[in-house]
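1. coords please:
(4 chains)
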Protein chains: 2
Amino acid sequence: MAEKSELWLKLIQVVANIEAELGRTLQEQHGVGLSDYRALQILSRSPDSELRMQELASYLRLNQSSVSRMVERLERHGLTIRDLCPDDKRGVYTVLTDKGRSRLESAQPDYEAALTAALKEHGCEELLSTKFGTAETK
Amino acid sequence: MAEKSELWLKLIQVVANIEAELGRTLQEQHGVGLSDYRALQILSRSPDSELRMQELASYLRLNQSSVSRMVERLERHGLTIRDLCPDDKRGVYTVLTDKGRSRLESAQPDYEAALTAALKEHGCEELLSTKFGTAETK
DNA sequence: ATCATATGTATGTCCATGCAATCACTGTCT
DNA sequence: AGACAGTGATTGCATGGACATACATATGAT
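-> Numbering: from 1, shown residues only, chains lettered A, B, ... in the order given. Got it, this is the predicted structure:
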């Protein structure tokens, strides 16, 4: 049974290495962190390129407060803006700006390339052929 | 090509969920964090249950300063002690204490069980059958 | 032996995240 | 209408990690 732990350890180390590499690429070449990049990506695919904090949080599997701060970050860099929700005054939309969109679009190819390269480098392209049960968030 | 990113995203989310679950289990039931647990585990398998900071860091894929602080933590909880290196006075050994060892031993079965359960819950036991190229650390 | 450089560890500072408490608003029940 | 439980977001605080730097010791060249 202990080999299971071993394998798991190996797996997460590989995953961590790859994530780190992706993060480095994005940061160095586009000045965006990994989670910021993912937030932009999610926003760009949402209707009207906007989402409320909670929704964004649940997509990113981050908690609300982290997202609140991330959005603050994105906003500081001009990549998104906040927009008050007309029907529910508690709500806040995070909206992708043009700058945000173009930043995303220029980063995307490098991200994909880095991912492909990193997977290959670790000899684990097959990881992506795993199909999950897609268990819901806890 | 974008599906590759999608799949990768799914993968890391599943991995993150599982890691979080493992961490919670360890923290709640044994008062040890996930990386602390892994450090104990690595120490316990090392000759004389001791390692120098750098070695520990490289096993854990953490940088040296993080390990320095982690060891401080472990030491504060009485799970390890520092021991000066006789032949190289710059060096410091981190040595597992009896308390550390028994803590590890009591945590281990729960860890393994939690891992098995989490893998099953996400329907991805097959993840562990991936064989990696075991690329070295960057 | 001396000095320059490399190595091992620790410390200062910053950043991202989580949790708990809070603020602001909503909707419901009476 | 008024009270109040619930919901969305923000804020205070703590933690763990990274990077740069400091400090002590070791090693190697002259």
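2. Quick check, central residue of chain A?
-> The centre of chain A sits closest to A:Arg38, judged by C-alpha atoms, centre = their mean, with a distance of 2.2 Å.
3. who touches the nearest residue to that one once chain neighbours are set aside in this structure?
-> With C-beta to C-beta, 6 or more residues apart in numbering or on different chains as the criterion, A:Arg38 has its nearest non-adjacent residue at 6.2 Å, and that residue is A:Leu60. (Each C-beta comes from the backbone N, C-alpha and C, glycine too.) A:Leu60 makes contacts with A:Ser35, A:Arg38, A:Ala39, A:Ile42, A:Val67, as judged by C-beta atoms under 8 Å, 6 or more residues apart in numbering or on different chains.
4. what angle sits between the helix or strand that contains A:Leu26 and helix B:2-30?
-> According to DSSP states H and E, A:Leu26 maps onto helix A:2-30. For helix A:2-30 against helix B:2-30, the angle by axes from the mean of the first three to the mean of the last three C-alpha atoms, to 10 degrees is 130 degrees.
5. Please work out how many residues are found near A:Phe71.
-> Check again: residue A:71 is Val, not Phe. A:Val71: 23 surrounding residues under other C-beta atoms under 10 Å in any protein chain shown.
6. One more: the one 3 residues further on?
-> Applying other C-beta under 10 Å, we find 24 other residues in the vicinity of A:Leu74.
7. next one: A:Ala16
-> By the criterion of other C-beta under 10 Å, A:Ala16 has 15 neighbours.
8. quick one: the residue lying closest to it once chain neighbours are set aside and A:Gly123, what's the gap?
-> Nearest non-adjacent residue to A:Ala16, counting by C-beta to C-beta, 6+ apart: B:Arg61, 6.3 Å away. Per C-beta to C-beta, to the nearest Å, B:Arg61 is found 17 Å from A:Gly123.
9. now do A:His77
-> A:His77 sits 36 Å away from A:Gly123, taking C-beta to C-beta as the criterion.
10. What of A:Glu55?
-> Distance check for A:Glu55 against A:Gly123: by C-beta to C-beta, it reads 37 Å.
11. Run through the residues that contact the nearest residue to A:Leu96 once chain neighbours are set aside.
-> Distance criterion C-beta to C-beta, 6+ apart; nearest residue to A:Leu96, sequence neighbours excluded, is A:Ser49 at 3.9 Å. Contact partners of A:Ser49, counting by C-beta under 8 Å, 6+ apart, are A:Leu43, A:Val95, A:Leu96, A:Arg101.
12. List the buried residues for the lowest-mean-pLDDT helix or strand in chain A?
-> Ranked by mean pLDDT, DSSP states H and E, the weakest helix or strand in chain A is helix A:2-30, scoring a mean of 90. Residues of helix A:2-30 classed as buried: A:5, A:7-15, A:17-19, A:21-23, A:25-26, A:30 (neighbour count, 16 or more other C-beta atoms under 10 Å in any protein chain shown).
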